[in-house]
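S.K.: show me the folded form of this:
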Amino acid sequence: MTDLFWLTDAQMARLEPFFPKSHGKPRVDHRRVLSGIIFINRNGLRWRDAPAAYGPHKTLYNRWKRWSDKGIFARTMAGLAAKHGEQKTVMIDATYLKAHRTATSMGASKGERGRLIGRTKGGMNTKLHTICDSQGRTLNLFVTAGQVSDYIGARALVSSLPKVEWLLGDRGYDADWLREALKDKGIRARIPGWKQRTKPEKYDKRRYKRRNRIEIMSGRLRDRRRVATRYDRCPKVFLSAIALAAIIIYWL
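M.R.: Below is the predicted model:
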């Protein structure tokens, strides 16, 4: 295959500080294994269908599962994104990610409990809540079951907002508690108010138009097939797939 993905020397240099230390027998080539993992996530393949150039598929899966359980990929994204340098504007949004039947496993005894999968009008989904900077780069992310409101995601993410001047969000984030929380942090909200408000909320429509960058970001994340369709039962593993996609697209 001519379209295999391989990490460059520069990309490996940025990733290596976040690798867990090896104890005892040295691990097999990081570049080969991680490149294979990225290829699988990008194309939505089964692990057994990994190209032979990446080595045994069990090695790829074992590394992926072990590092996902330890939160390595999520911490790597957070560490790289911490150097964002954004001082002006951040944006918040939520998007639905379809859960495949292998992730829901409704016929299994455990069902969907604890897997952060919920039933919505569109079927079984997980909801991805994200924060991005003015360039549309992922700064933070959080997953919930599909039926969970945007408010819940906002509560989880608001405490980690960087020190900026503006937060842009759609009408789904129009809540007095959120506006007050942002005010306490010195951040001005640009969020349209619900029409039923007795006192309409004013907002800068020109600045609000820039919010399309977070929608573009969500679309680029969903270009990774194992993000657009959730195959993983474990929420931590699925979150790792999203974090890995963000790392490759925005931070390497």
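S.K.: give the residue farthest from the middle of the chain.
M.R.: Thr198 (35.9 Å; CA atoms, centre = their mean).
S.K.: so where do the helices sit in this structure?
M.R.: For the chain, the helices defined by DSSP state H cover 9-15, 30-43, 57-69, 72-81, 101-104, 150-158, 176-184, 205-208, 212-222, 225-228, 235-246.
S.K.: what's the spacing between the closest residue to Lys183 other than its chain neighbours and Gln196?
M.R.: Once flanking residues are discounted, Lys183 sits nearest to Ala189: 7.8 Å by CB to CB, 6 or more residues apart in numbering. From N, CA and C alone the C-beta is placed, and that goes for glycine too. Distance, Ala189 to Gln196, by CB to CB, to the nearest Å: 18 Å.
S.K.: what about stretch 203-212, how long is it end to end?
M.R.: The first and final residues of stretch 203-212 sit 16 Å from each other (CA to CA, to the nearest Å).
S.K.: in stretch 68-78, what's buried?
M.R.: By 16 or more other CB atoms under 10 Å, the buried positions in stretch 68-78 come out as 68, 72-74, 76-78.
S.K.: let's have these in JSON lines, adding distance to Arg32 and pLDDT.
M.R.: Converted to JSON lines, the buried residues of stretch 68-78 look like this (distance: CB to CB, whole Å; pLDDT from 0 to 100):
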{"residue": "Ser68", "distance to Arg32": "18", "pLDDT": "96"}
{"residue": "Ile72", "distance to Arg32": "17", "pLDDT": "96"}
{"residue": "Phe73", "distance to Arg32": "17", "pLDDT": "97"}
{"residue": "Ala74", "distance to Arg32": "22", "pLDDT": "96"}
{"residue": "Thr76", "distance to Arg32": "18", "pLDDT": "97"}
{"residue": "Met77", "distance to Arg32": "21", "pLDDT": "97"}
{"residue": "Ala78", "distance to Arg32": "25", "pLDDT": "96"}
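S.K.: just these now: which is nearest Asp223?
M.R.: Asp223 lies nearest to Met77 out of these, by CB to CB, at 16.8 Å.
S.K.: OK, contacts around that closest one?
M.R.: For Met77, the contact set (CB atoms under 8 Å, 6 or more residues apart in numbering) comprises 138, 141, 243-244, 246-247, 251.
S.K.: now it, nearest residue through space, not along the chain?
M.R.: Here the nearest residue to Met77 in space, its sequence neighbours aside, is Ala243; by CB to CB, 6+ apart that works out to 4.2 Å.
S.K.: for the one you found, give its distance to Ile191.
M.R.: 26 Å.
S.K.: so for the two, which residue has more residues nearby?
M.R.: Ala243 (26 against 22; other CB atoms under 10 Å).
S.K.: Leu221 contacts Ala243, doesn't it?
M.R.: No - counting by CB atoms under 8 Å, Leu221 does not reach Ala243; the two are 10.0 Å apart.
S.K.: quick check: closest non-adjacent residue to Ser68.
M.R.: Nearest non-adjacent residue to Ser68, counting by CB to CB, 6+ apart: Ser240, 3.9 Å away.
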